[in-house]
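[1] Model the following, please.
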Amino acid sequence: MTKKNNAPKKIHLGAIDGMKGIGACIIAFFWHYQHFKPQDGSPFFSAFPMSYKYGSFMVELFFMLSGFGMMLGYSERVLEHRISFRDFIVKRLRKIYPPFIFFTLVTIITELAYYHKCGTTFVYGNFDIQHLIYNLLLMQDGFFGKDWSFDAPSWCISICMLCYLLFYFILYRVKNRRHACYAFFAAVLAGTTITLSGVNYPVWNELVGRGIACFFIGAILFTVYDNRERFRSQRLGYVCLAAVVLSYLVLRFKPEFMGDFRMAFMLGIAPALIIAVLFIPWLRTVLGIHPLTYLGSLSIVIYLVHFPVQCVIKTIDEYAGLGLSYSTKAVWLCYAAAVLIAAAVYRHLLADLTEKALFGFFRKKNSSHAKTS
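    Model prediction:
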């Protein structure tokens with residue numbers, strides 16, 4: 001009798017990691033650079049105007065890539081009931097909860113120092129026990145409204161956890177991949193409806209709607225990728241690339257013709273970009289180079305660390321009276337370097353220690369003094 005091997009197949013797409021890395025950097029270095037309120041304009045704005053203006057849309061891309069990645073890594077095991085709900089959730093929590101807690105703690109310490117000096121918190125309010133509990137439960141934004149607090153950019157992590165739960169439930173209950181696609185499509189429609197509804201109720205608001213719609217669009221895109229041998233995938237890739245380029249030109253020079261750019265990005269531009277990267281060999285190679293895949297491996301940490309780094313810089317600036325000009329390229333470069341260094345230090349030196357400290361604290365030790373009869 002042979003034992004069935006339940007170990008997951010090692011599948012890796014470097015281009016997906018590259019896209020994650022670029023998306024994380026756009027959010028950290030351009031979109032959220034506005035936290036510093038540059039006195040004389042944003043540095044490098046002429047070179048990266050779209051990243052400054054529309055960098056927030058990388059969150060939608062992040063959700064899609066997360067849905068794609070979940071299908072890539074877990075779909076077979078969940079469909080075949082080879083991974084329990086407990087194991088699935090624990091694996092996801094082990095990946096995102098330790099860095100989230102670590103950088104939330106760093107944010108709290110730094111914000112307290114900033115508050116002592118300035119009498120207010122840096123950028124985000126709601127610095128209280130109520131919102132701390134929401135954060136610790138990964139329900140900081142979307143579950144009870146949009147009350148930005150503590151390490152606020154981590155809101156996407158809380159929505160991801162909700163998407164993980166829906167993902168597991170759907171795949172565990174359906175009979176096959178085709179039925180799963182129907183359910184994913186229904187989830188996309190539900191998420192889009194929530195996004196467009198304009199309401200702001202607990203778990204029924206724009207943040208949740210955006211997350212669910214984009215996550216399950218990513219899951220559907222994996223199905224397209226998984227069946228790429230059935231059609232001329234490279235030709236489809238070039239059609240999608242042309243659509244992305246055309247959309248960029250319209251947004252750049254005639255934005256009035258774009259309409260609701262967020263919905264256009266969610267339902268068309270971002271999916272087309274992912275398909276183009278996956279189906280065009282040279283584009284897949286470019287985005288799969290080691291520096292970009294390494295950034296991709298740091299992407300979650302970059303999301304979580306960049307605001308605490310901003311808090312540290314502003315706090316030092318206030319206490320030391322440096323009077324930094326955040327419009328200068330030198331300050332921007334120092335900030336970007338600090339974020340990347342902090343992310344790398346956490347990943348290589350602190351990640352395992354944080355995980356062991358957090359999960360090991362609650363783990364029951366095996367008794368080494370058991371009696372034998």
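
[2] For the stretch 1-150 of the chain, which residues score under the pLDDT cut-off?
    For the stretch 1-150 of the chain, the stretches with pLDDT under 70 are 1-12.

[3] Kindly recompute the last result at 50.
    Scanning the stretch 1-150 of the chain for pLDDT under 50 picks out 1-10.

[4] what are the ranges of the helices in it?
    Counting by DSSP state H, counting those that start in this stretch, the stretch 1-150 of the chain has helices at residues 14-29, 49-54, 58-79, 85-118, 129-136.

[5] any chance of the ones you listed in a markdown table, plus mean neighbour count?
    For glycine as for every other residue, the C-beta is placed from the backbone atoms N, C-alpha and C. As requested, the helices of the stretch 1-150 of the chain are exported to a markdown table (neighbours: other C-beta atoms under 10 Å):
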| stretch | mean neighbour count |
| --- | --- |
| helix 14-29 | 23 |
| helix 49-54 | 16 |
| helix 58-79 | 22 |
| helix 85-118 | 17 |
| helix 129-136 | 16 |
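
[6] For residue 217, which of these is the nearest?
    For residue 217, the closest of the helices of the stretch 1-150 of the chain is helix 58-79, at 5.4 Å, according to C-beta to C-beta.

[7] Show me what that closest one is packed against.
    Contact analysis of helix 58-79 by 3 or more C-beta pairs under 8 Å, 6 or more residues apart in numbering; DSSP states H and E lists helix 14-29, helix 155-173, helix 177-197, helix 206-226, helix 270-279 as its packing neighbours.

[8] I'd like the distance between the residue nearest the centre of the chain and residue 163.
    The chain has residue 62 as the residue nearest its centroid, 4.6 Å off, counting by C-alpha atoms, centre = their mean. In this structure, residue 62 lies at 11 Å from residue 163, with C-beta to C-beta, to the nearest Å as the measure.

[9] thinking again about what came up before, so which of the helices and strands packed on helix 58-79 gets nearest residue 302?
    Evaluated over the helices and strands packed on helix 58-79, closeness to residue 302 peaks at helix 14-29, with 4.1 Å, by C-beta to C-beta.

[10] picking up where we left off before, quick check: which of the helices of the stretch 1-150 of the chain is nearest to residue 154?
    Judged by C-beta to C-beta, the one of the helices of the stretch 1-150 of the chain that comes nearest to residue 154 is helix 85-118, at 5.8 Å.

[11] ok, residue 104 - contacts?
    With contacts defined as C-beta atoms under 8 Å, 6 or more residues apart in numbering, the neighbours of residue 104 are 135-136, 150-151, 154.

[12] nope, residue 40 is what I was after
    For residue 40, the contacting residues are 325, 327, by C-beta under 8 Å, 6+ apart.

[13] and what of the one 3 residues further on?
    Contact partners of residue 43, counting by C-beta under 8 Å, 6+ apart, are 326-329, 331-332.

[14] hmm, which two among those are most spread apart?
    Largest pairwise distance in the contacts of residue 43, by C-beta to C-beta, is 10.5 Å, between 326 and 329.

[15] So those two - more neighbours on which side?
    Neighbours were counted for residue 326 and for residue 329 using other C-beta atoms under 10 Å; residue 326 has more, 22 against 9.

[16] With adjacent residues omitted, what lies nearest to that one?
    Distances taken as C-beta to C-beta, 6 or more residues apart in numbering place residue 36 nearest to residue 326, at 3.9 Å, with adjacent residues excluded.

[17] now swap in residue 77 and tell me
    Nearest residue to residue 77, sequence neighbours excluded (C-beta to C-beta, 6+ apart): residue 83, at 4.2 Å.

[18] Give me the distance between that neighbour and residue 218.
    Residue 83 is 19 Å from residue 218, where distance means C-beta to C-beta.

[19] Can you redo the contacts of residue 43 as a markdown table, where the extra columns are pLDDT, distance to residue 71 and secondary structure?
    Output for the contacts of residue 43, formatted as a markdown table (pLDDT from 0 to 100; distance: C-beta to C-beta, whole Å; DSSP: H, G, I helix; E, B strand; the rest coil):
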| residue | pLDDT | distance to residue 71 | secondary structure |
| --- | --- | --- | --- |
| 326 | 95 | 40 | coil |
| 327 | 95 | 43 | coil |
| 328 | 95 | 44 | coil |
| 329 | 95 | 41 | helix |
| 331 | 96 | 41 | helix |
| 332 | 97 | 37 | helix |
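
[20] In stretch 227-236, which residues are buried?
    Judged by neighbour count using 16 or more other C-beta atoms under 10 Å, the buried positions of stretch 227-236 are 233, 236.

[21] Compute the first-to-last residue distance for it.
    Stretch 227-236 has an end-to-end distance of 13 Å (C-alpha to C-alpha, to the nearest Å).

[22] Is residue 339 in contact with residue 308, as I believe?
    No: the pair residue 339 / residue 308 is not scored as a contact, 9.4 Å apart, by C-beta atoms under 8 Å.

[23] what is in contact with those two at once?
    Applying C-beta under 8 Å, 6+ apart, one finds that no residue jointly contacts residue 339 and residue 308.

[24] Flag the shaky bits of the stretch 251-373 of the chain, pLDDT-wise.
    367-373.

[25] show me the contacts for the closest residue to the residue nearest to the centre of the chain other than its chain neighbours.
    Closest residue in space to residue 62, ignoring its immediate chain neighbours: residue 23 at 5.5 Å, by C-beta to C-beta, 6+ apart. By C-beta under 8 Å, 6+ apart, the contact set of residue 23 is 58, 61-62, 65, 299.

[26] switch to 6 Å and redo it
    Contacts for residue 23 (C-beta atoms under 6 Å, 6 or more residues apart in numbering) come out as 58, 61-62.
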